[in-house]
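Enquirer: only the shape, not the letters, is given here:
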């Protein structure tokens, strides 16, 4: 992974990215006029294209990125700790597909709890018509991803039942 600090188009915009070798963003902190938005719940603010480098952008250390990341996600820690305590490893859970990220399928378990499931593996076992936001999904909690503030699910299956859209 590489870590990038990028200047925005406006004077008071700065973006911090964790990217892979193809410049796909895995984590992002956007700071606009002193206000932070992050790539985890409830913001889900993640660039959908490859990160392009422009004049003034620079690579930063992982430690620098982690410091910025930890500060930016601080307001979401309480909900994350609650989600972990309610959904320990081994627990069967159900939720709704919300979006597709480079990390996998993002699933909303309840108002404050989110999980991620393996996208390629799930697609192998799921009819294509069911691989869309709004469909119900079940799985087992494998572990907690402390970097993404999401539970990691395994043995997932989409039930094919579309639910009413929830407003995040």
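Expert: Received, thanks. These numbers come from a predicted model, not from an experiment.
Enquirer: tell me where this structure has strands.
Expert: Secondary structure of the chain (DSSP state E): strands at 2-7, 13-19, 25-32, 35-38, 58-60, 92-101, 104-110, 113-117, 135-145, 150-162.
Enquirer: the spatially most central residue of the chain: what's it in contact with?
Expert: Residue closest to the average C-alpha location in the chain (Cα atoms, centre = their mean): residue 40, at 4.6 Å. Residue 40 is in contact with 27, 73, 76, 114, 148, 149, 150, counting by Cβ atoms under 8 Å, 6 or more residues apart in numbering. (Glycine included, C-beta is placed from N, CA and C.)
Enquirer: okay, it: pLDDT?
Expert: For residue 40, the pLDDT comes out at 88.
Enquirer: what helices and strands are in contact with the longest helix seen in the chain?
Expert: If you go by DSSP state H, the chain has its longest helix at helix 62-73. Counting by 3 or more Cβ pairs under 8 Å, 6 or more residues apart in numbering; DSSP states H and E, the packing neighbours recorded for helix 62-73 are strand 2-7, strand 13-19, strand 25-32, strand 35-38.
Enquirer: give me the angle between the longest one and strand 92-101.
Expert: Orientation check (axes from the mean of the first three to the mean of the last three Cα atoms, to 10 degrees): strand 25-32 against strand 92-101 gives 70 degrees.
Enquirer: what residues sit buried inside strand 25-32?
Expert: 25, 26, 27, 28, 29, 30, 31 (16 or more other Cβ atoms under 10 Å).
Enquirer: pretty sure the last one contacts residue 10?
Expert: To tie it back to what came earlier, the one meant is residue 31. No - counting by Cβ atoms under 8 Å, residue 31 stays clear of residue 10, with 11.3 Å between them.
Enquirer: average pLDDT for the longest helix of the chain?
Expert: In this model, helix 62-73 has an average pLDDT of 96.
Enquirer: stretch 86-102 too?
Expert: Averaged across stretch 86-102, pLDDT comes to 94.
Enquirer: can you name the two of the buried residues of strand 25-32 that are farthest apart?
Expert: Using Cβ to Cβ, the buried residues of strand 25-32 reach their maximum pairwise distance at 26 and 31, which is 18.0 Å.
Enquirer: ok, now which ones touch residue 34?
Expert: residue 12.
Enquirer: how much space separates it from residue 72?
Expert: 12 Å (Cβ to Cβ, to the nearest Å).
Enquirer: tally of neighbours for the residue nearest to residue 144 when sequence neighbours are not counted?
Expert: Residue nearest to residue 144 in three dimensions, not counting chain neighbours: residue 84, with 5.0 Å by Cβ to Cβ, 6 or more residues apart in numbering. Residues near residue 84, counting by other Cβ atoms under 10 Å, number 17.
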